[in-house]
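Colleague: pasting a predicted model and its sequence here:
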Amino acid sequence: MSWKNENKTAVELATGIVGKWKETYEWIPIFGGFATIALAFSVGANNLPAPFSTSVGSGALTLLKASIMACAIYVPGAASASNSTVNALFSYFLKESQPTEGFLMWSMVVVLLTATIWLALATYLELPVSSQQSIQGAMLGTVLAAEGFDYLPLWSKNENHNFNGGGLLWILLEWTFAPLIACLCACFLFAVLKSSLLRHENARKRILIFLPIDYGKSAGLLCFFIMSQVIGNYVDVNRLTVVIAVAGSALIGALLSLAVVVPLAMKKLAATENYRTSKQNASMKDESVESPVTEGQSSGAKVDDDVDDILKNFMQMRVLDTVYEEEERSWASPDVIQKSDQVQPVSQCSANTSAEQSTPFKQLLKSTPNRLVQTRNFQRMKKPTPIENAIKFVRDMTKSTLSPVLEYDRRTLIRHALAEKYDEIEDCFSFPQLLASSIFALIQSASEIAVVVNPFVAILDVFKHRSKYSGNREDAGHLQVKWWFRGIGGLVAAMGFFLCGWRLTQCLGGKLTYMSNSRGWACQLSTVAAMIIVAMVNLPVSSVHAFIGSLVGVGIADDLRNVNWKLLCKFLCGWIMTIIFSCGFAYLTFSASIHTPAYAVP
């Protein structure tokens, strides 16, 4: 039931004792400003790792470099590329019935606090969630507290609301379209990339053809975004002009890559080949010096190659089921080791086979791209002084902030080891991945980061223009958001990523699936494509949801065992809890505010 029928007297009493407007409610904009900064910081810690997690996980970037890129992209992106007006959802929410204008401002503060608390909690639990969904869930809770549960439809439309697709359940289903589309795009893209380039015998030649196409496509996407989002916010742009500009930028990008990038890639491939050849020759020379010269060595080497192939396939099938068995085997007793040393094999083949029983597993782990795993050494313990403890605390805090160490557990490292490697041309995908990540970050800054300041803009407008929101509030209209205010939101979000974004960067950069430069490129490009497709059909889209879908798609295209399905279920539960927690917490908080007795202080 509505609060109007039961608590009308309490609200009228609270309204009647209010003195002057500004003196009574000036604390709400101040408190809302701090809540907006906290929300932007939480959004940066939870949502900003998505564009840069693949680059950090593949080793193309460090966290410090990713933070610098985030600051360079999100501040101008949120200031200039985002829309200068408050979106239609907030404009419609401002026209909803609230007890007074003061309660309308307070409802916006409740939305800010609820979204901030949930995003901070989700970041601590390593759950990538949608900031837009958190804000909308909190707004839904305040509406339900003010109007009752019968005011909003569950599936079909009613006289109060006219949703585009239907009721609330239909809107929740619409949030699943973006990750599904991103998953399909990523799976198809990486499967085609593997068959046509990564696994091909002429991969070195085909990568030189691929690079101009990729740079031309990226230049076209960037031009399309600038023409539609940046320039389109200030002047009307004709469609023909957009098509000509996109085609021209794509052509220029392809030609520049032919003139600059392709020669550099050829030199890099040649240098990599020379380095591997010299390293292989050095290792073969060391093996020839250490190994004794015996008869039948050539036939034994041939058998060794067959044994290595069989053993590698066997280890790849059983390594996930024998994790602890390998660990126990490595800690064999000295008696067993001595006994095994006394028993000599009959032939050279059996000797090499027994010697290789423990090496493939170590070699597989060494082939992982995780170069950020911290190594621990035993040190002599001594009692430190308080000054030494303080110095160590400051040093550890500085080190963990500037260059935090990303650590993965044993099963994650084994999952990385089982993934197929394309070390021959992976380095050529490093810069294309960074370019796709930059485009993804720019789109995210314009569509999601700038949205966090909308509630505070609504609070300021209600506080300064109270008369517009009295009565039926038909004169509320659209609210203008200053460019510098959106830029501040982007800066605070970048600071949140720099200080607290390492949690989800580690989680998304390697825990869900194995990540390399080529896989990261496919993930970022599929996410951008899914966001553009879903936005064109006027459906709600979350960059984080789409990015998770692209990660799963790349993992499926690689190998089903390369996806951490338990972690994916944890993410899905977090998405469901976003609506439940945001709506429930906002409902309880705003209901307590409405029903709290008010009295005049003498």
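Modeller: Sure, I can see it.

Colleague: look up the closest residue to residue 444, ignoring the ones flanking it.
Modeller: residue 543 (4.7 Å; CB to CB, 6 or more residues apart in numbering). From N, CA and C alone the C-beta is placed, and that goes for glycine too.

Colleague: helices along the stretch 51-200 of the chain, start to end?
Modeller: 63-76, 88-94, 101-124, 131-147, 168-174, 177-193 (DSSP state H, counting those that start in this stretch).

Colleague: residue 271 is nearest to which of these?
Modeller: helix 63-76 (22.6 Å; CB to CB).

Colleague: give the buried residues for the closest one.
Modeller: 63, 66-67, 69-71, 73-76 (16 or more other CB atoms under 10 Å).

Colleague: what's the farthest-apart pair in those?
Modeller: Top of the distance list for the buried residues of helix 63-76 (CB to CB): 63 and 76, 21.4 Å.

Colleague: pretty sure residue 456 sits against residue 108.
Modeller: Yes - counting by CB atoms under 8 Å, residue 108 is a contact partner of residue 456 at 7.4 Å.

Colleague: number of residues surrounding residue 110?
Modeller: 26 (other CB atoms under 10 Å).

Colleague: what stretches of the stretch 251-400 of the chain score poorly on pLDDT?
Modeller: 283, 285-381, 397, 399-400 (pLDDT under 70).

Colleague: try it again at 90.
Modeller: 257, 259-400 (pLDDT under 90).

Colleague: likewise the stretch 451-600 of the chain?
Modeller: Filtered on pLDDT under 90, the stretch 451-600 of the chain yields the residue ranges 451-487, 499-503, 506-507, 509-511, 531-542, 558-562, 579, 590-600.

Colleague: run the last query once more with 70
Modeller: 469-478, 596-600.

Colleague: residue 505: what's its closest spatial neighbour, skipping adjacent residues?
Modeller: residue 49 (4.3 Å).

Colleague: doesn't residue 498 make contact with the one you found?
Modeller: No - using CB under 8 Å, residue 49 is not in contact with residue 498; the gap is 10.9 Å.

Colleague: who has more neighbours out of these two?
Modeller: residue 49 (29 against 21).

Colleague: how close does the more buried one sit to residue 42?
Modeller: 12 Å (CB to CB, to the nearest Å).

Colleague: for residue 261, which non-adjacent residue is closest in space?
Modeller: residue 211 is the one closest to residue 261 (CB to CB, 6+ apart), at 5.5 Å.

Colleague: likewise for residue 71?
Modeller: Residue 71 sits nearest to residue 494 (CB to CB, 6+ apart), 4.2 Å away.

Colleague: quick one: residues contacting the one you found.
Modeller: 44, 48, 67, 70-71, 74-75 (CB atoms under 8 Å, 6 or more residues apart in numbering).

Colleague: circling back to that earlier point, what do residue 456 and residue 108 both touch?
Modeller: In contact with both residue 456 and residue 108: residue 32, using CB under 8 Å, 6+ apart.

Colleague: who has more neighbours, those two?
Modeller: Shown here are residue 456 and residue 108; by other CB under 10 Å, residue 108 has more neighbours (28 against 24).

Colleague: can you spell out which helices and strands pack onto the lengthiest helix in the chain?
Modeller: Counting by DSSP state H, the longest helix found in the chain is helix 565-595. Using 3 or more CB pairs under 8 Å, 6 or more residues apart in numbering; DSSP states H and E as the contact definition, the elements that helix 565-595 packs against are helix 3-6, helix 8-16, helix 101-124, helix 131-147, helix 543-558.
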